[in-house]
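> okay, predicted coordinates and the sequence, questions at the end:
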Amino acid sequence: MATPPQPRFGNIAIATRFYCGRDKGTEDGLAALERLAGFVGEAAALQPAVVLVAIDVDRDRSGALEFVRALATTHCQVRAFAVCSGGAVTPMLNRLLEEAGRCIDIALPSPLTTAVSPRATGHPPKYILFASVEVHTTEATVAPLLACLEDDPAVFCAGAALTGHHAAPPEPQLAGAACGGAACGGAADVMHNLTGTTSPWNTLAMWRREMLALTGFLAISNQGSPPGMEEPAVIAVQQSLFGGPARRKALLLHLGLPDSEAAVPVWTAPQSVERRAAYARKMESKDTRTRLQLERLGLTGVVHHRWHQS
């Protein structure tokens, strides 16, 4: 009997972080768990190697860990686990990265498909997709990111451009073009200095798992207020250590999808006022937090921006 082909996204671990500070019996808590359930279902429908959900048990009050473990009875490739973050961002991200590397031990074939899982091939997934529970992980958003990494082995990470990303013309000294792969639309890249608003964000970003595991995300990214902006720091460090931007290409992909399919945060009542305010504060400080981290590291970096042509 011929071996069935692996699913299109069978080489990806989809990873998210979650906590809700409201009790599951409240309206806010229920709404948060509904968003989480929607994310898990949408991600599992892609038939990835595994869907990993890290629950910040230091801050969660919604019972999310038990909630996701119950969902895993329906979606067998889903795994949830507790992380004590201490309010930092990198412990959860690095735990997700480590678990993705072990997914040959946890990824199981779906009873609804005969597709081969990474367990059958004996290899963990090549890629890890970090995503917020408030973005869409559909074929329309995930396939272009995957194509960019598959098409060019120098691409270290590929993120989707979101509201708040900067896409102005590049600085003259960085002006240039690099051939974009046909799978990514065939357009020339526009190069930007690495900043908080030109960098891919883990709101929706795919990374080469083995490359990322060489450094993981850096503890320096926990020291800001608020902590975060971990993506530029690791991009700058890897470009410095491993051959520059040509060998560790960071890519921001402008998908240009209709609003109904766009990979943008979907804010929902009754948390909308609170969450929008927190989101606005984070957006205002993205460049500042990134600049401070890169100054302390003594590093700079480059990001390729590409406009996807479907």
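Alright, I've got the coordinates. Since the structure is predicted, the reported quantities are computational estimates derived from the model, not experimental observations.

> against which helices or strands is the helix or strand that contains His305 packed?
Take DSSP states H and E as the rule and His305 turns out to sit in strand 302-307. Using 3 or more CB pairs under 8 Å, 6 or more residues apart in numbering; DSSP states H and E as the contact criterion, the secondary-structure elements in contact with strand 302-307 are strand 190-193, strand 249-254. Placement of C-beta: from N, CA and C, glycine included.

> surely Ala37 forms part of a strand?
No - in this structure, Ala37 is helix, not part of a strand, as judged by DSSP: H, G, I helix; E, B strand; the rest coil.

> surely it meets Leu71?
Yes - with contacts defined as CB atoms under 8 Å, Ala37 counts as touching Leu71 at a distance of 6.3 Å.

> between the two, tell me which one has more neighbours.
Between Ala37 and Leu71, counted using other CB atoms under 10 Å, Leu71 has the larger neighbour count: 19 against 15.

> list the contacts for that one?
Applying CB atoms under 8 Å, 6 or more residues apart in numbering, one finds that Leu71 lies in contact with Ala37, Val40, Gly41, Val78.

> so which of the residues you listed is the most crowded?
The member of these that has the most neighbours, counting by other CB under 10 Å, is Val40 with 25 neighbours.

> need the pLDDT of that residue.
As summarised for this prediction, Val40 has a pLDDT of 95.

> would you check that it makes contact with Gln77?
No - in terms of CB under 8 Å, Val40 does not count as a neighbour of Gln77; the distance is 10.1 Å.

> for those two, list the residues in contact with both.
Common contacts of Val40 and Gln77 (CB under 8 Å, 6+ apart): Val51.

> sorry, back to before: adjacent strands (with direction) for the strand holding His305?
The pairing partners recorded for strand 302-307 under DSSP bridges are strand 190-193 (antiparallel), strand 249-254 (parallel).

> and whichever helix or strand comes after the first one, what other elements does it pack with?
For strand 190-193, the succeeding helix or strand toward the C-terminus, using DSSP H and E, is strand 204-208. Here strand 204-208 touches strand 127-131, helix 139-151, strand 155-160, going by 3+ CB pairs under 8 Å, 6+ apart.

> between those, which one is closest to Val83.
Each of the helices and strands packed on strand 204-208 has some distance to Val83 by CB to CB; the shortest is strand 127-131, at 14.1 Å.

> can I get the closest one as CSV, trimmed to CA atoms?
The C-alpha atoms that make up strand 127-131 are tabulated as CSV, following Å, rounded to 0.1, in the frame of the first residue of the first chain:
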residue,chain,number,x,y,z
TYR,A,127,8.4,25.4,11.1
ILE,A,128,6.6,27.0,14.0
LEU,A,129,3.8,29.5,13.5
PHE,A,130,3.3,31.8,16.5
ALA,A,131,-0.2,33.3,16.4
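
> hmm, who's touching that strand?
Against strand 127-131 from outside (CB under 8 Å, 6+ apart): 11-16, 39, 43, 48, 93, 96-97, 100, 137, 142, 145-146, 149, 202-209, 212.

> mind putting the helices and strands packed on strand 302-307 in JSON lines, mean neighbour count included?
Conversion of the helices and strands packed on strand 302-307 to JSON lines gives the following (neighbours: other CB atoms under 10 Å):
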{"stretch": "strand 190-193", "mean neighbour count": "20"}
{"stretch": "strand 249-254", "mean neighbour count": "25"}
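
> need the ones you listed in a markdown table with mean pLDDT and distance to Gln223, can you?
Output for the helices and strands packed on strand 302-307, formatted as a markdown table (pLDDT from 0 to 100; distance: least, CB to CB, whole Å):
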| stretch | mean pLDDT | distance to Gln223 |
| --- | --- | --- |
| strand 190-193 | 92 | 22 |
| strand 249-254 | 95 | 22 |
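
> hmm, which helix or strand of the protein has the shakiest average pLDDT?
Counting by mean pLDDT, DSSP states H and E, the weakest-scoring helix or strand in the chain turns out to be helix 118-121, with a mean of 47.

> longest helix anywhere in the protein?
Selection of the longest helix in the chain by residue count, based on DSSP state H, yields helix 272-297.
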